[in-house]
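Q: my questions concern the predicted model and sequence given below.
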Amino acid sequence: MLNKIDLEKILFIDIETVSQYKNYSEIPEKMRIFWDKKAQQLDENTLPEEQYNKAAIYAEFGKIVCISFCYIRKNNNKLAIFVKSIFGHDEKNILLKFNKMLDGYYNTENHFLCAHNGKEFDFPFIARRTLINQLNLATILNTPGAKPWEIRHLDTLALWRFGDYKNWTSLDLLAAIFDIPSPKTDIDGSMVGKIYWENNDLERIVKYCQQDVVAVAQIFLRYINKTIIPEDLVFFK
């Protein structure tokens, strides 16, 4: 039961990813062959170079540029959300810091990670990119071979499905129906690659990522029938 989970032991996360290279022509030949095969599987009627904007969602061809996370704590006897981000152009450094943080503070059987569509995207993407970068995987992310009840991952999309796996509900739609301030501002996920590679505006991506992760935390609060946390009690660090 969700109500039995200690809110202070949940880390809410969201990641932003981009393609590993600015455009198709920059992909090393060894990897270009594999992208061509992947692109054909996705849409055999569209050229691989025209599909390269999709590379960001595959851990083999994308990379992480921002991990935003937040936690809920008491602040003057009121629940508050505290938001932080690890970001930059050096993915290995991002993942090193994040995995060390998880092992340092979220490393017991009572701790949980929570993300929207996290079980299919955020958690495996982080784990795969960690291994690709030859880093140690945090215990809470090291799930191969674990029994289902040993995996401490929560997913606001999976929870909303209630077993209805043909259903897919976006984060901003859930925010709207629960009357939570929209996490979407002037950009959406499809624009992140262009903002990164063409505009070089990482700060804008970080802001977008942080707004998403706050929405995840607020939606979880609604799932356990608690009042959302007002904006003046959301602190960004």
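A: Sure thing, it's come through.
Q: by residue count, what's the longest helix in this structure?
A: helix 202-223 (DSSP state H).
Q: list the buried residues of that one.
A: 202, 204-223 (16 or more other CB atoms under 10 Å). (C-beta placed from N, C-alpha, C; glycine too.)
Q: do the same with stretch 86-100
A: Quick answer for stretch 86-100 (16+ other CB under 10 Å): I86, F87, E91, K92, I94, L95, L96, F98, N99.
Q: got it, and stretch 64-79?
A: I64, V65, C66, I67, S68, F69, C70, Y71, I72, L79.
Q: one more: stretch 157-177?
A: L157, A158, W160, L171, L174, A175.
Q: the last one should be in a helix, yeah?
A: Translated: A175. Yes - judged by DSSP: H, G, I helix; E, B strand; the rest coil, A175 forms part of a helix.
Q: can you give me the distance of the residue lying closest to it once chain neighbours are set aside to D43?
A: Closest residue in space to A175, ignoring its immediate chain neighbours: A215 at 4.9 Å, by CB to CB, 6 or more residues apart in numbering. According to CB to CB, to the nearest Å, A215 and D43 sit 31 Å apart.
Q: do the same with L95
A: In terms of CB to CB, L95 sits 30 Å off from D43.
Q: and if you look at E26?
A: For E26, the distance to D43 - CB to CB - is 21 Å.
Q: re the thing from before, tell me who's in contact with the residue nearest to A175.
A: Contacts for A215 (CB atoms under 8 Å, 6 or more residues apart in numbering) come out as H116, L171, D172, L174, A175, I180, P181, S182, P183.
Q: what's the burial count for the first one?
A: When you say that, I think you mean H116. 28 (other CB atoms under 10 Å).
Q: now do the strands in the protein.
A: Assigned by DSSP state E, the strands in the chain fall at 10-19, 62-75, 78-87, 112-115, 153-155, 234-236.
Q: any idea which of the ones you listed gets closest to N53?
A: Closest to N53 of the strands of the chain, according to CB to CB: strand 10-19, at 7.3 Å.
Q: just the CA atoms of that closest one, as PDB, please.
A: Listed next in PDB are the C-alpha coordinates belonging to strand 10-19 (Å, rounded to 0.1, in the frame of the first residue of the first chain):
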ATOM      1  CA  ILE A  10      11.200   8.500  -1.700                       C
ATOM      2  CA  LEU A  11      13.500  10.200  -4.200                       C
ATOM      3  CA  PHE A  12      11.500  11.500  -7.200                       C
ATOM      4  CA  ILE A  13      13.500  11.700 -10.400                       C
ATOM      5  CA  ASP A  14      13.400  12.900 -14.000                       C
ATOM      6  CA  ILE A  15      16.000  12.800 -16.700                       C
ATOM      7  CA  GLU A  16      16.600  14.700 -19.900                       C
ATOM      8  CA  THR A  17      18.400  12.900 -22.700                       C
ATOM      9  CA  VAL A  18      19.700  13.900 -26.100                       C
ATOM     10  CA  SER A  19      21.400  12.100 -29.000                       C
END
